[in-house]
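> Predicted model and sequence below, questions to follow.
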Amino acid sequence: MSRIDKHKTYNLSVFDKEIDQNLQTAVYEYLLDSEYCVNFYDQNHSLWYPRENKWVIPRTMPASLRLPLAWDEQSLEHRAPIVYKLWQAISALLDDKFAIAGPQEGLNYMTGISPLSGMTRVDGTPGRPNCGWRVYGSGSAQELNFKARTKSVHRDSVEMDQHRDYTLVYFANQEWHPQYYGETLFHSNDNITGDYTGRFDNDQPREFPVGEVENVVAPMPGRFMLYDGRYLHQVKPVAHYSPEPTMGIVFRISLKEFVEY
């Protein structure tokens, strides 16, 4: 297995040359033919089609492109069979230790339900089922003026006292060069920069200290990375001359030994 462990503040592993080329191509083609939310919660129901670079409704605010796919393994098999095949291949490489059961993203596209009603509240009150997404396609902004914006520094899991939840990101582009950028930057927890989450945006108002960058993972065709959901990170913008955005699939997963079925 071509695996590099880059553990520092939290666990981070990078896997290369493990996914069959035919499967890589099929996943890439699938993402090209899919329609993405343009605003994160899709308030304007704006859609983007990568193969045509076509915007149905122009976007009015910066956000990440999102393609909601599934909330567990069964829904992934039914809704996106080719991505399910990818998950099966990755799961086997990880010795079947993980389940699609991590923290949800509140993408309400295809449901018409507010993400606020779909997410479990801080007090433990459960949200409505099947509108928090654990598997979704992800891409960088395409227009020039939005490419210069990075994704905010954040954690995928804010439960700091547990080591159950992980994020797995599969990079789907068939060609990518270092000059296109788009790296994921991982930060330490050390409070030495004077910065904190929430300073430049409202992504995580708990204001976690943002330490220096201690790990970097670049996009690479067929690569996937697995990291502890508590690991602070951000994604660098893609160069304006890149012929396409970064395209990938995010899996929010948990160690099976801690999952309650």
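Yep, it's here.

> How much space separates residue 168 from residue 89?
Plainly put, residue 168 is 12 Å away from residue 89 if you go by C-beta to C-beta, to the nearest Å. From N, CA and C alone the C-beta is placed, and that goes for glycine too.

> Mind checking which of those two has more residues around it?
residue 168 (23 against 15; other C-beta atoms under 10 Å).

> you'd agree the more buried one is up against residue 250?
Yes - with contact defined as C-beta atoms under 8 Å, residue 168 reaches residue 250; the gap is 7.3 Å.

> mind checking which helix or strand of the chain has the lowest mean pLDDT?
For the chain, scoring each helix and strand by mean pLDDT, DSSP states H and E identifies helix 115-118 as the least confident one, at a mean of 49.

> so how far is whatever helix or strand comes next after that one off the chain centroid?
Downstream of helix 115-118, the next assigned helix or strand under DSSP states H and E is strand 135-139. In terms of C-alpha atoms, centre = their mean, to the nearest Å, the centre of strand 135-139 is found 6 Å from the chain centre.

> Same check on stretch 231-251?
On C-alpha atoms, centre = their mean, the centre of stretch 231-251 falls 10 Å from that of its chain.

> Next, the buried residues of it.
Using 16 or more other C-beta atoms under 10 Å as the test for burial, stretch 231-251 gives 231-238, 242, 244-251.

> Just the element for residue 4, please.
If you go by DSSP H and E, residue 4 is part of strand 3-5.

> tell me the SS of residue 82?
In three-state terms, and counting by DSSP: H, G, I helix; E, B strand; the rest coil, residue 82 is helix.

> OK, contacts around it?
When contacts are counted by C-beta atoms under 8 Å, 6 or more residues apart in numbering, residue 82 touches 23, 26-27, 30.

> Now flag whichever of those is closest to residue 103.
When the contacts of residue 82 are ranked by distance to residue 103 (C-beta to C-beta), residue 27 comes first, at 23.2 Å.

> Double-check that residue 215 belongs to a strand.
Yes - the assignment for residue 215 is a strand, going by three-state DSSP.

> so it makes contact with residue 5?
No - using C-beta under 8 Å, residue 215 is not in contact with residue 5, being 10.7 Å away.

> higher neighbour count, those two?
Taking neighbours as other C-beta under 10 Å, residue 215 and residue 5 compare with residue 215 leading, 21 against 9.

> Show me the shaky parts of the stretch 101-250 of the chain.
Scanning the stretch 101-250 of the chain for pLDDT under 70 picks out 106-132, 141-151, 202.

> any idea where the strands of it begin and end?
With DSSP state E, counting those that start in this stretch as the criterion, the stretch 101-250 of the chain has strands at 135-139, 165-171, 184-187, 195-196, 209-210, 213-217, 224-228, 233-235, 247-255.

> Paired strands for the first one, with orientation please.
Looking back up the chat, that one is strand 135-139. Within its sheet, strand 135-139 is paired with strand 65-70 (antiparallel), strand 247-255 (antiparallel), according to DSSP bridges.

> again, but for the third one
Sheet pairing for strand 184-187, assigned by DSSP bridges, gives strand 213-217 (antiparallel), strand 233-235 (antiparallel).

> Can you tell me which of those strands is nearest to residue 75?
Nearest to residue 75, of all the strands paired with strand 184-187, is strand 233-235, at 25.9 Å by C-beta to C-beta.

> In contact with residue 155, which residues?
Taking C-beta under 8 Å, 6+ apart, we find residue 155 in contact with 197, 204, 208, 229-233.

> Kindly apply the preceding question to residue 79 instead.
69-70.

> hmm, try it at 6 Å
residue 70 (C-beta atoms under 6 Å, 6 or more residues apart in numbering).

> Name all residues that make contact with residue 93.
residue 18.

> that older thread, want to throw the strands paired with strand 184-187 into JSON lines with distance to residue 158?
Listed next are the strands paired with strand 184-187 as JSON lines, based on distance: least, C-beta to C-beta, whole Å:
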{"stretch": "strand 213-217", "distance to residue 158": "20"}
{"stretch": "strand 233-235", "distance to residue 158": "13"}
